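> Need a 3D model of the sequence below.
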Amino acid sequence: MSFKKKIITKLAYVAMLSTTGVAAAAIVQPQAHVQASTTSVAARSLGIDVASYQSADLSAHAKSGAKFAVVKVSEGTSYRNPKASAQIASARAKNMMPMGYHFATFSANSAAAKNEANYAIASAKAVGLGTGSYLACDYESGDGNNIYGGKNPTANAINAFMSKVKAAGYKPLLYASSSVLRNNINTNSVVNKFPNSLWVAAYAVSGRVDNPNFDYFPSMKGVSIWQFTDNWRGLNVDGNINVLPLTSSGSAVSQAPKKARVLKKKAHVYNKAGHRTGKTIKKGTSITTHGKKKTINGKKYYKIAKNQYIRSANLY
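Numbers count the residues shown, from 1 in each chain. So this is what the prediction gives:
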């Protein structure tokens with residue numbers, strides 16, 4: 001998240017979180033026995049979120065104990081983080097689970113939210129974050145995003161964004177400060193539609209924080225991740241802890257060259273085994289191919305989507 005847009009919120013002590021099954025503790029230390037991977041993270045693991053302000057190399061963060069990294073992929077419908085590809089690749093290389101987020105500017109406009117979701121999805125794929133990964137909607141004030149459009153219209157717009165994200169095969173999350181979640185969004189509407197989807201920001205103190213103090217955990221329904229500082233371990237990066245296990249089936253998206261081509265005749269769509277899928281594409285249709293020709297059962301094909309191929313002889 002943008003370091004200029006933090007809302008520091010001090011919250012009351014929580015003895016027990018019944019909605020998540022997470023007991024309160026004075027100070028949580030990272031557990032040495034927790035095993036992290038690029039596809040799953042145990043509950044109460046530490047993580048970071050980064051944007052273009054941070055380095056493309058996340059080695060120092062992994063060395064300090066981060067088990068997951070949430071990377072800004074896009075904002076609005078025109079900005080894409082130029083470091084996102086490198087940050088996601090670095091997270092994978094350092095055995096952190098990569099996730100993504102999109103900075104929302106749609107305010108309380110559901111139609112605009114859908115457009116931004118489409119851009120976020122395309123951006124996630126473009127920077128190498130595959131389907132099955134978490135992709136969050138970062139909802140806060142700034143860059144034209146008006147958070148005062150009414151609780152219900154705002155929730156409707158957020159739900160529209162998250163529905164698009166889910167339909168595209170990603171796991172939607174909602175990031176916001178605890179104050180915004182309580183005062184500006186009908187958060188129950190979001191959580192009822194997307195259980196355990198909240199990534200909440202609430203800071204006990206400003207400045208460096210090494211480990212979260214659960215005396216200040218933001219007690220609310222549906223929390224999956226808590227952002228507890230904007231200066232984790234002196235690295236000037238947001239610090240997070242997941243209160244529920246995180247599991248992603250996402251893998252790296254191929255960065256193979258793409259090319260627009262036109263079908264010179266009707267084409268059947270095949271799977272990677274060379275069998276027809278039952279789908280056809282009309283003559284004259286413009287399509288995008290990914291990478292070089294691939295030989296399947298002695299015939300040449302171009303990949304047009306995940307597990308979808310057409311014969312190269314059908315293309316100009």
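> Number of residues surrounding Arg44?
Residues within reach of Arg44, counting by other CB atoms under 10 Å, total 20. C-betas here are computed from N, CA, C, even on glycine.
> List phi and psi for it.
phi 60, psi 40 (degrees, to the nearest 10).
> Let me see the domain layout of the chain.
Residue ranges of the domains in the chain are recorded as 3-247, 258-314, according to automatic domain parsing.
> which of those sits most buried?
Per residue and on average, the most neighbours among the domains of the chain fall to domain 3-247, with a mean of 20 (mean count of other CB atoms under 10 Å).
> rewinding a little: what would the domains of the chain look like in JSON lines with mean pLDDT?
Supplementary listing: these in JSON lines, determined by pLDDT from 0 to 100:
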{"stretch": "domain 3-247", "mean pLDDT": "88"}
{"stretch": "domain 258-314", "mean pLDDT": "87"}
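> how far away is the residue nearest to Arg276 when sequence neighbours are not counted from Asn242?
The shortest distance from Arg276 to any non-neighbouring residue, by CB to CB, 6 or more residues apart in numbering, is to His268 (5.1 Å). For His268, the distance to Asn242 under the criterion CB to CB, to the nearest Å works out to 45 Å.
> With Asn196 instead?
The span separating Asn196 from Asn242 equals 10 Å under the rule CB to CB.
> middle-most residue in the protein, spatially?
Taking CA atoms, centre = their mean as the criterion, Leu135 is the residue nearest the geometric centre of the chain, at 2.1 Å.
> A strand includes it, no?
Yes: for Leu135, which was evaluated using DSSP: H, G, I helix; E, B strand; the rest coil, the result is membership in a strand.
> which ones are touching the closest residue in space to it that isn't next to it in sequence?
The spatially closest residue to Leu135, leaving aside those adjacent along the chain, is Tyr170, at 4.1 Å (CB to CB, 6+ apart). Neighbouring residues of Tyr170 by CB atoms under 8 Å, 6 or more residues apart in numbering: Gly100, Ile121, Ala124, Thr131, Gly132, Ser133, Tyr134, Leu135, Gly250.
> Where does Ala69 fall, secondary structure wise?
Take DSSP states H and E as the rule and Ala69 turns out to sit in strand 68-75.
> Which strands border that strand, and is each parallel or antiparallel?
Note on strand 68-75: by DSSP bridges, its sheet partners are strand 46-50 (parallel), strand 79-80 (antiparallel), strand 97-103 (parallel).
> CA atoms only for it, dumped as CSV, please.
Once side chains and other backbone atoms are set aside, the C-alpha atoms of strand 68-75 remain, and they are given as CSV (Å, rounded to 0.1, in the frame of the first residue of the first chain):
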residue,chain,number,x,y,z
PHE,A,68,4.5,-14.4,1.7
ALA,A,69,4.7,-11.3,-0.4
VAL,A,70,1.7,-9.3,-1.7
VAL,A,71,2.8,-7.3,-4.8
LYS,A,72,1.0,-4.3,-6.2
VAL,A,73,0.1,-5.3,-9.8
SER,A,74,-2.1,-2.3,-10.9
GLU,A,75,-4.1,0.8,-10.2
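> Quick check: beta-bridge partners of Lys171?
If you apply DSSP bridges, the partners that Lys171 bridges to are Tyr134.
> Quick check, it in contact with Ser248.
Yes: under the criterion of CB atoms under 8 Å, Lys171 makes contact with Ser248 at 7.0 Å.
> joint contacts of these two?
By CB under 8 Å, 6+ apart, Lys171 and Ser248 have these common neighbours: Gly132, Ser133, Tyr134.
> Where is the longest strand in this protein?
When the chain is scanned for its longest strand (criterion: DSSP state E), the result is strand 286-296.
> Name every strand pairing with the next helix or strand after it and say which way it goes.
Secondary structure here is assigned by DSSP H and E; on that basis, the next helix or strand after strand 286-296 toward the C-terminus is strand 299-305. Sheet neighbours of strand 299-305, with direction, are listed as strand 286-296 (antiparallel), strand 308-311 (antiparallel) (DSSP bridges).
> Report the set of residues contacting both of Asn196 and Asn242.
Between them, Asn196 and Asn242 share these contacting residues under CB under 8 Å, 6+ apart: Ser224.
> Where do the helices of the stretch 201-316 of the chain begin and end?
In order along the chain, the stretch 201-316 of the chain carries no helices (DSSP state H, counting those that start in this stretch).
> ok, Ala305 to Lys166 distance?
Ala305 is 19 Å from Lys166, where distance means CB to CB.
> Name the nearest residue to Val41, ignoring sequence neighbours.
Leaving out its chain neighbours, the residue that sits closest to Val41 by CB to CB, 6+ apart is Leu246, at 4.3 Å.
> Name the SS class of the nearest residue to Ala69 once chain neighbours are set aside, please.
Counting by CB to CB, 6+ apart, Ala91 is the residue found nearest to Ala69 once chain neighbours are left out, at 4.0 Å. Under the three-state scheme (three-state DSSP), the conformation of Ala91 reads as helix.
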